[in-house]
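> Give me a 3D structure for the following:
(3 chains)
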Amino acid sequence: MAKRTVEDSSDDEPMIVKSESNQQAKPKAKKIKVEKKEKIKKEKEEKEDSPEKEDDDEEEERKWWLEEKEDNGIKWTTLQHQGPLFPPPYEPHGVKMLYDVINQGKPVELTPAAEEVASFYAALLGTDNGNNPVFQKNFFADFLKTIKQEKIPNCPIKEFSKCDFTPIFDYLNKVKEEKKQMSKEEKKKLKEEKEAIDEIYGWCTMDGRKEKVGNYRIEPPGLFRGRGEHPKTGCLKLRVQPEQVTINIGADAKIPDPPKGHSWGTVSHDNTVTWLAMWKENVNESTKYIFLAATSSLKGQSDMKKFEKARELKVRQLATCLYFIDKLALRAGNEKGEDEADTVGCCSLRYEHITLEPPNKVVFDFLGKDSIRYVNTVEVIDQVYKNLKIFKKEPKTVGDDLFDRINEELRKTPADGTIAEKVLAYNRANRQVAVLCNHQRAVPKSHGTQMSRLTDKILAVKYQRQEVKQQILELEPSLKKQRPELLEPESDLDDEFIKRHEIALEEKEKERLEKLLIKENEKRKENGEELLNSLPEQKKKQTIPTMDKLEKKLQTLTDRIQAQKMQMVDKDENKQTALGTSKINYIDPRISAAWCNKYNVPLDKIFNRSLREKFKWAMESDKDWEF
DNA sequence: CATCGGACTTGTATTCACTCCA
DNA sequence: TGGAGTGAATACAAGTCCGATG
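Below is the predicted model of the structure:
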């Protein structure tokens, strides 16, 4: 098998995309053009070929991504939903905080509302937030405010430093512990209750179709956990009342009932927005929304739009490149390595290589083939000038590729590699995007252990392979000459490991036999037979394996080693990069899906279940699909 | 012409739930 | 068998974009 290694190249950027779709803009009827017509035809044919019978009870799944849709700012025509779910009222626990213990302080009597605020803080004792002075200051100011509002008689609380929240802290921990210790039935019941609520609030009907709602819960009260140096971190986030909430719903829809004894603040019927409910939060006065879930068609559509925009940009870049190659006979320009001269061609032009002179002149200055300087000022057509302006727009700067959308990292996938090798290639491309976006993470603390565990796993397989090789040679000693590799000892398989491994194997075998014995005795007990002290020595009927079987086994083991090695390399290279964000937000899922099809890699090696759900619209992209 | 804020998308901390090993 | 460790799900804060406003 040809061995191809996948190597990271130095500085060519993979394609990334940042959302541009901000819905305020309401462009006039603009069509999203996708290769839809042929697709629809194809779909139909497939249906006829294989009449599907599964899911017949479910209504036909809508493939919105195959529909032509006008983007006129209207997001829906009919909308029905259940409104938001409010958090349950506070249930006081009666556990009292202490104040000024050193001076014979006593447990403090608080009203439920004040107790609730105290408990918010108590829960955070010892955490980063709890220890943050700004957080403490803000919390305490609001705590005092609450005490005042509650008109608690003779409340002694004046200083944060004299407060002792540990009784509440301990109590909350105890409750948490008890929750963990709940019986299976109790847990199951709780889960079912949650699912029942989800069934009601988790769905809405938009344009006659059932769509998943994202966060249908009104955010519960608590302490604002502003990150970094946020000046308001720790402030009390008040309980939201229905009177503060705006419901957005179809004009003909039934307005959901507000909680008993309450009414909605406002009811609107704005079909140019996607939110179902909205309220103002008291700490930063920012608006909070209830939106549809990421898997909904609305979100999917805007996601797709985002990537279509990026695709457009690529087409623009290709066209502009072609224009120069055609007009000025520029060389195409390949990727070059670190150790080669920094010369460029058209596609590898960088930011600093051209300057724009209004209204329509472009000045080239770069080193071309054989490091010959190319300086030229040319007049270009308006469209090209406009394009170049876009390609030089911020945040692009000196050193960046002008035509950054043209190179695809995924081309480096080894077509004849194993699945594991291909996945590694994919992850490397994904990683470049993540590195580019600076999606870093701390190296997981168990990384070392995990790596050595993987090493051991590989060694264990190598050990097995060694044995199989020996068996082959015993069966057919003549192979020693023909296939000397069978004689070669496995790499890294040292005596120390073999010893350790054999002991482990022996122990495992012993355990297995013990279990067998127990089982056997149980059976005998039932049948009233006499019990055994040890299993009868198995008749060593070990049939001598055939050459065919041994060869097959050798191959499986070799494959397994290969796959595990790949996994290890992947894991190690990935230890300080978080792939999630780029996979969720920046990489066009159609690129990934098409890649999977092209290289015969199962989709689930790349996308987990929820991502497959979110990107349903992209999952069918066939192998010829091009960004 | 700067700034504000509504409506979204993106990023990250926390919680949940599952797995795997001692 | 339970408990540590993990990746997925969730919650919500933060960032972005762009039209409105004055």
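
> what does chain A have sitting close to DNA strand B?
Within reach of DNA strand B by C-beta under 7 Å from any atom of the strand, chain A has these residues: A:18-19, A:21-24, A:75, A:127-129, A:191, A:225, A:227, A:270, A:272-275, A:278, A:287, A:289, A:291, A:299, A:302-303, A:306, A:437, A:439, A:453, A:578, A:580-582, A:585-586. (C-beta placed from N, C-alpha, C; glycine too.)

> Narrow these to those in helices?
A:128, A:129, A:191, A:299, A:302, A:303, A:306, A:453, A:580, A:581, A:582, A:585 (DSSP state H).

> of these, buried ones?
Those of those that meet the buried threshold are A:129, A:299, A:302, A:303, A:306, A:582, by 16 or more other C-beta atoms under 10 Å.

> Okay, now the unreliable bits of the stretch 1-150 of chain A?
Residues of the stretch 1-150 of chain A meeting the criterion pLDDT under 70: A:1-60.

> Relative to DNA strand B, which of the buried ones among the ones in helices among the residues of chain A next to DNA strand B is nearest.
Distances from DNA strand B to these, taken as C-beta to the nearest atom of the strand, are shortest for residue A:302 (3.6 Å).

> pLDDT value on the closest one, please?
At residue A:302, the predicted lDDT confidence score is 88.

> Pretty sure residue A:387 sits against residue A:321.
No. Contact criterion C-beta atoms under 8 Å: residue A:387 and residue A:321 do not qualify, at 10.0 Å.

> about what we covered before: which two among the ones in helices among the residues of chain A next to DNA strand B are spaced furthest apart?
A:302 and A:453 (42.6 Å; C-beta to C-beta).

> Residue A:492 and residue A:462 touch, don't they?
Yes. Using C-beta under 8 Å, residue A:492 makes contact with residue A:462 at a distance of 7.1 Å.

> What is the burial count for residue A:399?
9 (other C-beta atoms under 10 Å).

> wait, what's in contact with it?
A:350, A:351, A:352 (C-beta atoms under 8 Å, 6 or more residues apart in numbering).

> Can you check these and name whichever has the most neighbours?
residue A:350 (18 neighbours).

> Got the phi and psi for that residue?
phi -110, psi 170 (degrees, to the nearest 10).

> In contact with it: list those residues for me.
A:344, A:366, A:398, A:399, A:400, A:401, A:402.

> Tell me the secondary structure at the fourth one.
So the one you mean is residue A:399. coil (DSSP: H, G, I helix; E, B strand; the rest coil).

> May I have the predicted confidence score for it?
With respect to pLDDT, residue A:399 has a value of 81.

> and if you look at the last one?
As summarised for this prediction, residue A:402 has a pLDDT of 83.

> State the number of residues packed around it.
Counted with other C-beta under 10 Å, residue A:402 comes out at 22.

> ok, it to DNA strand B distance?
23 Å (C-beta to the nearest atom of the strand, to the nearest Å).

> Quick one: residues contacting that residue.
A:349, A:350, A:351, A:353, A:354, A:388, A:391, A:392.

> and what of the second one?
For residue A:366, the contact set (C-beta under 8 Å, 6+ apart) comprises A:343, A:344, A:349, A:350, A:353, A:373, A:374.

> Of all pairs in those, which one is the farthest apart?
Pairwise across the contacts of residue A:366, and taking C-beta to C-beta, the largest span is found between A:350 and A:373, at 14.9 Å.

> quick one, strands of the stretch 351-500 of chain A?
With DSSP state E, counting those that start in this stretch as the criterion, the stretch 351-500 of chain A has strands at A:354-357, A:361-367, A:373-379.

> er, the stretch 1-150 of chain A I mean
A:30-31, A:70-71, A:79-80, A:98-99.

> next one: the stretch 201-350 of chain A
Using DSSP E, counting those that start in this stretch, strands in the stretch 201-350 of chain A cover A:203-206, A:209-212, A:222-223, A:236-237, A:246-248, A:266-268, A:277-280, A:287-290.

> Tell me how far the first one lies from the chain's centre.
Its chain's average C-alpha position is 25 Å from that of strand A:203-206, according to C-alpha atoms, centre = their mean, to the nearest Å.

> Show me what counts as buried in that strand.
Result for strand A:203-206 [16+ other C-beta under 10 Å]: buried residues A:203, A:204, A:206.

> possible to save those residues as TSV with pLDDT and distance to residue A:336?
Formatted as TSV, those follow (pLDDT from 0 to 100; distance: C-beta to C-beta, whole Å):
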residue	pLDDT	distance to residue A:336
A:203	96	54
A:204	96	54
A:206	96	51
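
> Dump the residues you listed to a markdown table, plus distance to DNA strand C.
Formatted as a markdown table, the buried residues of strand A:203-206 follow (distance: C-beta to the nearest atom of the strand, whole Å):
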| residue | distance to DNA strand C |
| --- | --- |
| A:203 | 13 |
| A:204 | 16 |
| A:206 | 19 |
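
> So residue A:137 is in contact with residue A:235, correct?
No. Residue A:137 lies out of contact with residue A:235 (C-beta under 8 Å); the separation is 9.8 Å.

> ok, those two, which is more surrounded?
Remark: of residue A:137 and residue A:235, residue A:235 carries more neighbours, 22 against 15, as counted by other C-beta under 10 Å.

> What pLDDT is listed against the more buried one?
Residue A:235 is given a pLDDT of 97.

> Ok, residue A:425 next?
Residue-level pLDDT assigned to residue A:425 equals 88.

> Look up how far DNA strand C lies from it.
19 Å.

> Kindly report the same for residue A:278.
From residue A:278 to DNA strand C the distance is 13 Å (C-beta to the nearest atom of the strand).

> mind listing what the residue lying closest to that residue once chain neighbours are set aside touches?
Taking C-beta to C-beta, 6 or more residues apart in numbering, and ignoring the residues beside it in sequence, residue A:278 has residue A:246 as its nearest neighbour in space, at 4.7 Å. For residue A:246, the contact set (C-beta under 8 Å, 6+ apart) comprises A:264, A:265, A:266, A:267, A:268, A:277, A:278, A:279.

> rerun at 7 Å
By C-beta atoms under 7 Å, 6 or more residues apart in numbering, residue A:246 lies in contact with A:265, A:266, A:268, A:277, A:278, A:279.

> Mind picking the two most distant members of the residues you listed?
A:268 and A:279 (12.7 Å).

> more neighbours, these two?
Set side by side, residue A:268 and residue A:279 show more neighbours around residue A:279, with 20 against 15, by other C-beta under 10 Å.

> surely the more buried one meets residue A:242?
No. Residue A:279 is beyond contact range of residue A:242, at 9.3 Å (criterion: C-beta atoms under 7 Å).

> How far off centre is stretch A:178-188?
On C-alpha atoms, centre = their mean, the centre of stretch A:178-188 falls 30 Å from that of its chain.

> anything in that stretch near DNA strand C?
No. Under the criterion of C-beta under 7 Å from any atom of the strand, stretch A:178-188 makes no contact with DNA strand C; the nearest approach is 8.1 Å.
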